[in-house]
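> Predicted model, plus sequence, below.
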Amino acid sequence: MHLLALLLLLPISLVAQPVWEPVSATLEGPASTEHVFWRTGAAGHLFGVSESGLLVRSRDGGKTTEIVLAPRGQLNLLWASEPLALAWDADDSLIAGRVLVTRDGGATWTGGGRVEDAFLYDFDVVGDTLVAAASPATGSGAARVFWSVDGGTTWTPADVVDLGFDANLLACFTRSLYVAAGRLHAVTGCGLYRATRGAEEWEAVYEGALTDAGVPLELWDSAVGSNVAYVAPSGFTSDFWTDLYRQIEDEPWVRLQVGSALGVSNLRLDSSTLAAYEEAVAVLLQDASPAADPGFALSLDRGATWALHNDGLPTLPDGSYVLGNLFEANGRLYLGAFDGTDSQQFMLDLSTVVTTEEPTLPTQPLALRAWPNPARDALTLNTGADGTYRATVRVFDLLGRTRLARTVFEQPVRLHVGTLPPGVYVVEVRSADVVQTTRVTVSR
């Protein structure tokens, strides 16, 4: 179906025409100019890898670049979440390496702790604990993570689930991590698991898949935006090619049928690339027939409705390019395209994805209330405004660093603060020209 026809089927509040812009970043070296491919970003910084394997950052959205680190081995993974950024500097063997940590935008790197007998796939952080998703150990049947409580200097393995060594081992490794409702979750090929004590002990949220028919599917990826968690299956079973699962805080999981919402079929959700930001979630779709172009699907309402947005992306007659490496950084989506010979990268500014119907904003000053105060795990906010509105809630520490941020459309607002270190924080609620702040204490 043509893109215009798809957009006409959507509610008017979601009609938008975002355009992907090419990103061309280079690094000037003494001998030649190297291409830079951006991999992640946070706190206004982008981090990428040059053709020769140098770790590069940009502080102006990719216009200028600078070298921040020369790895010893191969940079196979970069991850960032304000104010942290981590790099997996793998040995040539790819089953061992060191983890490097920065807390100042890449100016200095610490950690350097070794991880042995594993390949890392993803990072996340809960309080002061750094966690890495890992492949199983040689000769082991366990989906594993590694965790560190000393800033990345030492890493300790923990079994998420031990299946014993069998043929399903390779399908069951830990693929991604995310934090929702203040709890650390691990997405593995054999189910979804939740940490019960730090990152050392785990329990099954479910094993198999979240399908109505109970068909076991491998899980591949996850993303979180404004406390909305999304989990994507591998799509190896044709009946569930375009399914995605969503959980809003502690509510039950909901199955999202992306293909049905788009009015298209024969698509496979490329769940190795899934991104979320505030209320938006983005996925890549690959057509099951090799002669068709893949597509990019974006939802602005937590996955309820979808639209294909391919404007600005390359088109080839035989559909021989592959989309991948989708990530969100600083309110922008970045996406890579590979045609078998050359790689390109594109950027979509999420602020250009506008709605034609804006929620009603409060016109009276907000009477912000926060309870309980002190808070332990959860904090409830009420602004005192009537009707539907849109506001941004941010939690700052006393150094002015943003520790939590989300967009809200209704109240009361429930924030999970269990991952924050004990201390005093400033809560800001901003809606149109109305700003209200209050101080809260997080205790244990």
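Right, received. Where do you want to start? In this text, all values refer to a predicted model and were calculated from it rather than measured experimentally.

> Would you verify that Thr273 is located in a helix?
No - using DSSP: H, G, I helix; E, B strand; the rest coil, the assignment for Thr273 is strand, not a helix.

> Now do it against Glu82, distance only.
21 Å (CB to CB, to the nearest Å). Just so you know, the C-beta spots here come from the backbone N, C-alpha and C atoms, and that holds for glycine as well.

> cool, and Arg246?
For Arg246 relative to Glu82 (CB to CB), the value is 24 Å.

> of these two, who's got more company?
More neighbours surround Arg246 than the other of Arg246 and Glu82, with 20 against 17 (other CB atoms under 10 Å).

> Am I right that the more buried one is in contact with Asp301?
No - checked against CB atoms under 8 Å, the pair Arg246 and Asp301 is beyond contact range at 10.9 Å.

> tell me which element the residue nearest to Leu184 when sequence neighbours are not counted falls in.
Of all residues not flanking Leu184 in the chain, Ala195 sits nearest, at 4.1 Å (CB to CB, 6 or more residues apart in numbering). Secondary structure assignment for Ala195, by DSSP states H and E: strand 191-197.

> and what of Ala370?
Counting by DSSP H and E, Ala370 is found in strand 369-371.

> Distance from that strand to the middle of the chain?
29 Å (CA atoms, centre = their mean, to the nearest Å).

> Could you pull up the mean pLDDT of stretch 53-67?
For stretch 53-67, mean pLDDT is 86.

> and for it, what are the contacting residues?
23, 25-27, 34, 36, 38, 44-50, 68-71, 74-75, 78, 87, 105-106, 330, 332, 347 (CB atoms under 8 Å, 6 or more residues apart in numbering).

> Now list the buried members of those.
Buried by 16 or more other CB atoms under 10 Å: 23, 25, 27, 34, 36, 38, 45-50, 68-69, 71, 74-75, 78, 87, 105-106, 330, 332, 347, out of these.

> Okay, helices next: where are they in the stretch 251-400 of the chain?
258-262 (DSSP state H, counting those that start in this stretch).

> What segments of the stretch 301-444 of the chain are strands?
307-308, 322-329, 332-338, 343-349, 369-371, 378-382, 391-396, 402-408, 413-416, 423-431, 434-442 (DSSP state E, counting those that start in this stretch).

> rewinding a little: please name every helix or strand in contact with the strand holding Ala370.
strand 378-382, strand 434-442 (3 or more CB pairs under 8 Å, 6 or more residues apart in numbering; DSSP states H and E).

> Return the most buried member of these.
Stretch with highest mean neighbour count among the helices and strands packed on strand 369-371: strand 378-382 (a mean of 18; mean count of other CB atoms under 10 Å).

> so what's the nearest residue to Asp104 once chain neighbours are set aside up against?
Nearest residue to Asp104, sequence neighbours excluded (CB to CB, 6+ apart): Pro83, at 7.7 Å. Counting by CB under 8 Å, 6+ apart, Pro83 touches 42-43, 103-105, 401.

> Write down the beta-bridge partners of the residue nearest to Thr174 when sequence neighbours are not counted, one by one.
With sequence-adjacent residues excluded and distances taken as CB to CB, 6+ apart, Thr174 is closest to Ala133, at 4.0 Å. Beta-bridge pairing of Ala133, defined through DSSP bridges, involves Asp122, Val145.
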